[in-house]
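> Model the structure of this input:
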Amino acid sequence: MQQKGLQPDFNLRGRFRTGADGSYWFKAVKPKFYPIPDHGPVGKLLGALGRHPYRPAHLHYTVQAPGHDPLATHIFDPGAPISARTRCPA
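Sure, this is the predicted structure:
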């Protein structure tokens with residue numbers, strides 16, 4: 001979605017449905033950490049804060065059910081080199 005023209009639409013995205021009991025499963029490629037663009041004002045802000053430009057490895061989810069507001073969230077791999085708990089690349 002951030003590299004229009006370089007990657008196919010909906011690359012590495014899927015839609016899943018639960019069973020009648022709410023259960024689900026999926027198989028995925030384990031994500032890796034990646035840098036956000038750090039040139040320009042974002043890079044200056046990160047530098048001033050002493051922060052690195054890396055996002056920890058994560059998967060995004062949007063959960064929807066009739067009669068409920070959608071929930072957009074994500075989960076992190078706590079064992080990844082850059083996890084939600086770390087500040088610098090390993």
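> Give me the distance between the residue lying farthest from the centre of the chain and residue 73.
Largest separation from the mean C-alpha position in the chain: residue 20, at 27.7 Å (CA atoms, centre = their mean). The gap separating residue 20 from residue 73 is 23 Å, by CB to CB, to the nearest Å. C-betas here are computed from N, CA, C, even on glycine.
> for residue 4, same thing?
According to CB to CB, residue 4 and residue 73 sit 25 Å apart.
> Which one's more surrounded, these two?
residue 73 (10 against 7; other CB atoms under 10 Å).
> Does anything pack onto the particular helix or strand that has the more buried one in it? Which helices or strands?
For residue 73, the element it lies in under DSSP states H and E is strand 71-76. Applying 3 or more CB pairs under 8 Å, 6 or more residues apart in numbering; DSSP states H and E, one finds that strand 71-76 contacts strand 58-63.
> Tell me which strands the strand it packs on pairs with, and in which orientation.
strand 71-76 (antiparallel) (DSSP bridges).
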